[in-house]
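# A structural model of the following input is requested.
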Amino acid sequence: MASRLVDLCFAATDPRRLAGFWAEALGWEIAAGTGEVVDLVPADGTGFRVRFLPDPVPKAGKNRIHLDLTTTSVEDQAGTVRRLVELGARPVDIGQDPDEPHVVLADPEGNELCVIEPDNAFLAGCGRLGSITGDGSPAAGHFWSAALGWPLVWDEDGETAIRAPGGTGPFITWGPPVVPKRTRNRLHLGLAPVAPADRAAEVERLVALGATLLDAGDRAVLADPDGNELRLVPG
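Residues are numbered from 1 along each chain as shown. The predicted structure follows:
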């Protein structure tokens, strides 16, 4: 039994503005609704939504998790960067080599993202959202593979990657360096048990796989082996 990945969540001081930026970045649609929580609905067959949750605390420090956006040509990469800057992104230096072919930006709330070069072979065949990329250990990759039932498609040199069965949607990857965690992540994954009645058993299974239970409320909060938060929501 494995959990389903239901959402990737951003903490946002202005959820609607940030959702608008990422709707343009991904080519996804903003779901109907006027509440504080804003959802993006995938337009490319990805099996989970992106959700923006209100949080009054601004981002501080570099995120452990960022998104990699694919491009189809040199012109598409340049145009994507230009459009995202128009929408409020800015170039940032996170220590990348100046000769790197990808472009590192920060979204309007400072969340890092990469616009990947068009000849990147690893992300070939992905949609615009190529990868949810995390700083993490192999233990995290193995945990998430077991938690979701997604196969490991890469496990070498301290780097791991998983992808949904059938090879659809983005990769989720982890790799060094893994710096000490000082604050709650701005981005986290939300899971759901296959059946609502399995919730308690699923919490136990995730803990047995290496998670730590942080909050046993209705939307249980756990941490993976590297301390990254995840939510288990009702099925």
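# tell me the phi and psi of P15?
phi -60, psi -40 (degrees, to the nearest 10).
# mind listing what it touches?
E36, V37, V38, F52, L53, P54 (CB atoms under 8 Å, 6 or more residues apart in numbering). Heads up, the C-betas are built off the backbone N, CA and C, glycines and all.
# and stretch 49-68, average pLDDT?
Averaging pLDDT along stretch 49-68 gives 96.
# Quick one: classify the residue nearest to G33 when sequence neighbours are not counted as helix, strand or coil.
Leaving out its chain neighbours, the residue that sits closest to G33 by CB to CB, 6 or more residues apart in numbering is D39, at 7.3 Å. Secondary structure, DSSP: H, G, I helix; E, B strand; the rest coil: D39 is strand.
# and what of L18?
helix.
# picking that back up, quick one: residues contacting the residue nearest to G33.
By CB under 8 Å, 6+ apart, D39 lies in contact with D7, A19, I30, A31, G33, R49, V50, R51, F52.
# contacting residues around W174?
G134, D135, G136, S137, P138, A140, G141, W144, E159, T160, A161, D226.
# cutoff 6 Å now
The contact partners of W174, by CB atoms under 6 Å, 6 or more residues apart in numbering, come to G134, G136, A140, G141, T160.
# do the same with A106
Counting by CB under 6 Å, 6+ apart, A106 has contacts R90, V92, E112.
# Phi, psi for the second one please.
Main-chain dihedrals, V92, degrees, to the nearest 10: phi -140, psi 150.
# Burial check on it, number of neighbours?
By other CB atoms under 10 Å, 14 other residues sit near V92.
# now do the first one
With neighbours defined by other CB under 10 Å, the count for R90 comes to 11.
# Could you list the buried residues of stretch 10-22?
By 16 or more other CB atoms under 10 Å, the buried positions in stretch 10-22 come out as F10, A11, A12, P15, R17, L18, A19, G20, F21, W22.
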